[in-house]
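Participant: Here's my sequence, what's the structure:
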Amino acid sequence: MKKKFKSIFFEAIVGIFIFIIAGKLVFQEKLNDLDELWQYNFAKNILFGLVPYRDFNIISTPFFSFLAAIFLKIFTNQLIIMRIYNTLIFSGILYMAYRLFKLLGINRYISVLATIIMYFLFYYDLGVEYNYLILLITMLSLYIELQGLKKNSMFDYKKNEIILGILIGLTIVTKHTIGILLTGMFCLYKIIFITNKEDFNKVLKIILFRVAGAIIPLILFLGYLIINNSFNDFINYAILNIGEFKNNVSYLYLFNNTNILIMMFSFIVPISFLSFIYYIRFKNKKQKELILLIYAITMFCGMFPIANSGHFIIYAFLGITYSIYLMYLFCKNIINDIKLKIFIKEFIKIVVLLFIIAYSIKSVSNVINIYKELYKNNNIKYFNWIIIDNNLEEQIKNIDEYIMNNSKKVYILDSSAAIYMIPMDIYNKDYDMFNKGNFGKNGEERLLTEISKSHNTQYLILKDGYKRNWQTPIKIIEFVKENLNKVGEIEIFDIYE
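Facilitator: Got it, this is the predicted structure:
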């Protein structure tokens, strides 16, 4: 009983520690993360009764935004609430990493240490959005699968197969491109382990129930689209639109990353995947390892074609988990001296406990100090208790005042449009997420036609010398500059009509 209490107490301490350090990264961010603003804007739109695809140009499936909208509805419609939601998802990912390490047989203190290492992957590149929810759902699914191997055979049908199918099916309604791949993997991967007809029959039954569960979220989502007359818009923006999105980032970009952990694991993870050749030969003796590897490789595919550091952290996360596990096995096998093993474990235990105490105090102190300063901070609608540079705050107020007092319709042709439009409760479909690939099939040509035919309308273009987002549709920007007249300036924008 005493041992069980100690175990529960330790788990609680780890959970609280992870929530604190996750919250530190989320809450210390200034108002400059466009992904955060776009996702908040989507959730806010849903809260206000707008329908995805029909009323605003979201290009992924919207489960992440619907959950966020529920948070905003229950608490209050502020970006700070979105950050609490994001903290729960991020801390859930880190906690599941800790639990997976333990499930793989790693000492709990070493598991905490490994989780801390993975935490620092995010330190300079945190941007919680739908990809993070994809990762959390996938990790929950993997954990349940590996946990099940403790009590059941690989081929035993479990009563919760449909529920497991529903869980992984949520990835399809979170981000359909990788969600379909993950769901297919989840339903079919046990085929690899079949050795006889009896196994085949059992696996077939499992596949049928998992598929049945997985299509439930999809049916509900499609029903929602049809009822709200948004199905054709979904096809246009989320399916046909794929051909419009031609941006890509080479994987080689990661080899020069300034975050040493990202650079290091960008080499290690693909190399670790080669162990698949070994584990497939001993598939019925190394089931846990092979299942983890299958999940990791499937997730890894979701990184492309944009293999930037943000996507790498998420889609290589299970690959990094697997790589750390292999390193642990390697170190365990080469250290034969029992006294040395005991010393290393005790040393890691002391380091981990001291780090938990010291870093928790530092993180809480940092957040408290930040929000003491924010007590008298901005009164910009929806951005209360968010750190905003004085220059940006002034820009938002001046640009919003200009738009609100203008008799003409004003569009901001820049990826940052949401920063200015959110406080005014304005959403201009296609223009307020002004990114290449977010306009639907032949979207750029359609917008060029709209602009050329527009009347009594002004367009704000980022002045030369300012860095544009890499997804900016330059063709449209150049068209406006060449075919419309510049009539003035406001803050960092030139005004055309």
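Participant: residues near the closest residue to Ile106 other than its chain neighbours, how many?
Facilitator: Among residues not flanking Ile106 along the chain, Tyr328 sits closest, at 5.6 Å (Cβ to Cβ, 6 or more residues apart in numbering). (C-beta placed from N, C-alpha, C; glycine too.) Residues contacting Tyr328 under the criterion other Cβ atoms under 10 Å number 18.
Participant: any chance you could map the helices in the stretch 201-350 of the chain?
Facilitator: For the stretch 201-350 of the chain, applying DSSP state H, counting those that start in this stretch gives helices covering 231-234, 260-272, 276-281, 287-301, 309-315, 317-334, 338-373.
Participant: Oops, could you answer that again for the stretch 1-150 of the chain instead?
Facilitator: Going by DSSP H, counting those that start in this stretch, the stretch 1-150 of the chain shows helices at 2-27, 34-47, 63-74, 79-103, 108-119, 130-148.
Participant: Low-confidence stretches in the stretch 151-300 of the chain?
Facilitator: Along the stretch 151-300 of the chain, the parts satisfying pLDDT under 70 run over 243-247, 282-284.
Participant: before we move on, back to that, most tightly surrounded among the helices of the stretch 201-350 of the chain?
Facilitator: Counting by mean count of other Cβ atoms under 10 Å, helix 309-315 has the highest mean neighbour count of the helices of the stretch 201-350 of the chain, with a mean of 22.
Participant: Contacts for it, please.
Facilitator: For helix 309-315, contacts defined as Cβ atoms under 8 Å, 6 or more residues apart in numbering pick out 121-122, 125, 127, 131-132, 134-135, 178, 249, 254, 257, 259, 262, 266, 299-303.
Participant: buried subset of those?
Facilitator: 121-122, 125, 127, 131-132, 134-135, 178, 249, 254, 257, 259, 262, 266, 299-300, 302-303 (16 or more other Cβ atoms under 10 Å).
Participant: what about the closest residue to Ile168 other than its chain neighbours, distance to Asn259?
Facilitator: Nearest non-adjacent residue to Ile168, counting by Cβ to Cβ, 6+ apart: Phe186, 4.4 Å away. Distance of Phe186 to Asn259, computed by Cβ to Cβ, to the nearest Å: 31 Å.
Participant: try Gly127
Facilitator: Distance from Gly127 to Asn259, by Cβ to Cβ: 14 Å.
Participant: Could you do Thr195 as well?
Facilitator: 43 Å.
Participant: show me the contacts for Lys381.
Facilitator: Counted by Cβ under 8 Å, 6+ apart, Lys381 has contacts Ile422, Pro423, Met424, Asp425.
Participant: wait, is it part of a helix?
Facilitator: No: checked against DSSP: H, G, I helix; E, B strand; the rest coil, Lys381 lies outside a helix; its state is coil.
Participant: What are the phi and psi values at it?
Facilitator: The phi/psi pair for Lys381 (degrees, to the nearest 10) reads phi -60, psi 130.
Participant: Pull up the gap between it and Met424, please.
Facilitator: Distance from Lys381 to Met424, by Cβ to Cβ: 8 Å.
Participant: next one: Tyr251
Facilitator: Relative to Met424, and taking Cβ to Cβ, Tyr251 is found at 40 Å.
Participant: Likewise for Asn32?
Facilitator: 19 Å.
Participant: now Glu289
Facilitator: 54 Å.
Participant: same deal with Phe19?
Facilitator: Relative to Met424, and taking Cβ to Cβ, Phe19 is found at 34 Å.
Participant: if we can go back for a sec, out of the contacts of Lys381, which are inside strands?
Facilitator: Assignment to strands by DSSP state E places none of the contacts of Lys381 there.
Participant: between those, which has the most around it?
Facilitator: Ile422 (22 neighbours).
Participant: so that residue makes contact with Tyr382?
Facilitator: Yes: applying Cβ atoms under 8 Å, one finds Ile422 in contact with Tyr382, separated by 5.6 Å.
Participant: can you list residues touching both of these two?
Facilitator: Tyr40, Lys44.
Participant: Where does the closest residue to Ile80 other than its chain neighbours fall, secondary structure wise?
Facilitator: Leaving out its chain neighbours, the residue that sits closest to Ile80 by Cβ to Cβ, 6+ apart is Trp385, at 4.7 Å. Using DSSP states H and E, Trp385 is not contained in any helix or strand.
Participant: And the pLDDT at Trp385?
Facilitator: With respect to pLDDT, Trp385 scores 86.
Participant: ok so, going back, with the contacts of Lys381 in mind, which one is nearest to Ile338?
Facilitator: Relative to Ile338, the closest of those is Ile422; by Cβ to Cβ it sits at 60.7 Å.
Participant: and that closest one, what does it touch?
Facilitator: Leu37, Tyr40, Asn41, Lys44, Lys381, Tyr382, Phe383.
Participant: now Phe317
Facilitator: Ile93, Ala97, Met118, Leu121, Leu135, Met299 are the contacts of Phe317 under Cβ under 8 Å, 6+ apart.
Participant: what's the answer for Glu129, then?
Facilitator: Counted by Cβ under 8 Å, 6+ apart, Glu129 has contacts Asp35, Glu36, Trp38, Gln39, Phe64.
Participant: residues in contact with Thr115?
Facilitator: Ile18, Leu94, Ala97, Tyr98, Phe101.
Participant: how near is the closest residue to the third one other than its chain neighbours to Leu94?
Facilitator: Taking Cβ to Cβ, 6+ apart as the measure, Ala97 lies nearest to Thr115, with 5.1 Å between them; neighbours along the chain are not counted. With the distance defined as Cβ to Cβ, Thr115 ends up 6 Å from Leu94.
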